[in-house]
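> mind looking at a prediction? Sequence and model below.
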Amino acid sequence: MTQKNTTVRYSLSAIKRKISRGTSKTRADAPEATPVGDDFWKRARVVMPQGKTSVHLRVDSDVFNWFKKQGDGHLTRMNAVLRSYVEAHKH
């Protein structure tokens, strides 16, 4: 099974143009990250996710609604919370 690459890359100038047009989901007042430097990139490694499993999951309505009110990507955030829980309990 081949996984489709959904990574999108934007230059800083392209991001700033999207913000100025109001087409970016990035907050206009979001701080810019400090450059990490060449040493970071020399040690960096690519880690590919193992893939996803589609499930039907019943969660409490108030929990789901809270995540959904946070905006787009609520299912991704729910997965991140579960991932954090799993990682915390592996050690």
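On my side now, so go ahead. Model, not experiment: these values are computed from the prediction.

> could you point out which element follows the lowest-mean-pLDDT helix or strand in the chain?
The weakest-scoring helix or strand in the chain, judged by mean pLDDT, DSSP states H and E, is helix 12-21 (a mean of 86). Next along the chain after helix 12-21, taking DSSP states H and E as the criterion, comes helix 38-43.

> quick one: buried residues of that following helix?
For helix 38-43, the neighbour count (16 or more other Cβ atoms under 10 Å) marks no residue as buried. From N, CA and C alone the C-beta is placed, and that goes for glycine too.

> contact partners of the next helix or strand along the chain from that helix?
As assigned by DSSP H and E, the chain's next helix or strand after helix 38-43 is helix 61-69. For helix 61-69, contacts defined as Cβ atoms under 8 Å, 6 or more residues apart in numbering pick out 74-75, 77-78.

> mind running it again at 6 Å?
Residues from elsewhere that reach helix 61-69 (Cβ atoms under 6 Å, 6 or more residues apart in numbering): 74, 77-78.
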